Structures are given as structure tokens and as C-alpha cells.
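A.B. asks: predicted model follows, preceded by the sequence.
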Amino acid sequence: MIIKPEAFNNSQKILKIVKNAGFRIIGINECSLDKKKLEYFCAEHYDKPWFEVYYDHMSSGPIMVVLLEKGGDAVNDLHKFVGATDPAVAEDGTLRKMFWIPGPKEKGMFLNAFHSSDSDKAADEDIAFWKEYGFKSLIN
């Protein structure tokens, strides 16, 4: 999971909520993204009309990358807990509903406070990417 710049100041509160939902934090990395890293991480979106807006947003402040585990279907459980891509229609109790800051939808992109992998394959790719940049702290 990535806590994006607009939610970063609430990171400790978010981590507590995530832990209380049954997830275990096994890695955390606070960092900033440059364009090269973001282009690599979001290669499938590079040609989208909203990519420059997304880049400007994701590089506007620090992010927190959180590696989580949970028994069962952790990836699907987390994706549901994060909530709908459009926070305005996210269900009550989801992270996006709790922490998004309403604003304009720009070029088809929502500022939705979080990223979560939507499949096991995507999670494996996300983890491989972030391991390349190292987690600053590992929690056992």
C-alpha cells in the first residue's frame, strides 16, 4: 500500500487503523518519488492523459510505502479496505472515504490518498519494485 502525499500527515493514524483491521506491517519506506521512478512504477499508465498530473501530485511531497501481510486473501482484503478509486463513491469505513481530500478530478485522475495492488500479480510487481529501493525499516 502507498500512502500518497495528501494523506501522508495522517500516516501514524492510518497505520493504527490498518493494524486494527488485522494487517501486520512488515516493511515501511518513507520516500519521495522522482519522475524516473514513477515512470517505471507506473509504466502501464505513462501514456494516459492524466500521467503528468499524477506525477506532479505524487512528487509534491513524501509518500509512505507499507508492506503488509494478513492470512487469507490479503491483497483482495486490502484492496477492498482501501476502497473505490473514486473516493466520492467509496464505502463508509474504507481508507479512501476516511482520508481523501475532496478536490477537482483532473484529466480523469482522482487524488484518492492511497494505492493498493488489485491482484496478486500486481502485488508481486509492486513489492519487487519497492524492494529494489529498499525498505528503511523492517518490522518483525
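C.D. replies: That came through fine. Numbering: from 1, shown residues only.
A.B. asks: C-alpha from now on. contacts and neighbour counts both.
C.D. replies: Noted.
A.B. asks: what's the burial count for residue 48?
C.D. replies: Using other CA atoms under 10 Å, residue 48 has 12 neighbouring residues.
A.B. asks: any idea which helix or strand carries it?
C.D. replies: Secondary structure assignment for residue 48, by DSSP states H and E: no helix or strand.
A.B. asks: how close does it sit to residue 58?
C.D. replies: Counting by CA to CA, to the nearest Å, the gap from residue 48 to residue 58 is 15 Å.
A.B. asks: in this structure, which spans are strands?
C.D. replies: Under the criterion DSSP state E, the chain contains strands at 2-3, 24-31, 63-69, 114-115, 137-138.
A.B. asks: and those strands as a markdown table, adding mean pLDDT, mean neighbour count and distance to residue 39?
C.D. replies: Shown next, in a markdown table, are the strands of the chain (pLDDT from 0 to 100; neighbours: other CA atoms under 10 Å; distance: least, CA to CA, whole Å):
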| stretch | mean pLDDT | mean neighbour count | distance to residue 39 |
| --- | --- | --- | --- |
| strand 2-3 | 95 | 21 | 16 |
| strand 24-31 | 90 | 17 | 16 |
| strand 63-69 | 93 | 20 | 16 |
| strand 114-115 | 92 | 20 | 15 |
| strand 137-138 | 50 | 12 | 25 |
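A.B. asks: can you redo those strands as CSV with distance to residue 99?
C.D. replies: Listed next are the strands of the chain as CSV, based on distance: least, CA to CA, whole Å:
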stretch, distance to residue 99
strand 2-3, 10
strand 24-31, 18
strand 63-69, 14
strand 114-115, 9
strand 137-138, 24
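A.B. asks: nearest to residue 102 among those would be which one?
C.D. replies: Ranking these by proximity to residue 102 (CA to CA) places strand 114-115 first, at 13.8 Å.
A.B. asks: how about residue 6, nearest residue that isn't a chain neighbour?
C.D. replies: residue 113 (5.8 Å; CA to CA, 6 or more residues apart in numbering).
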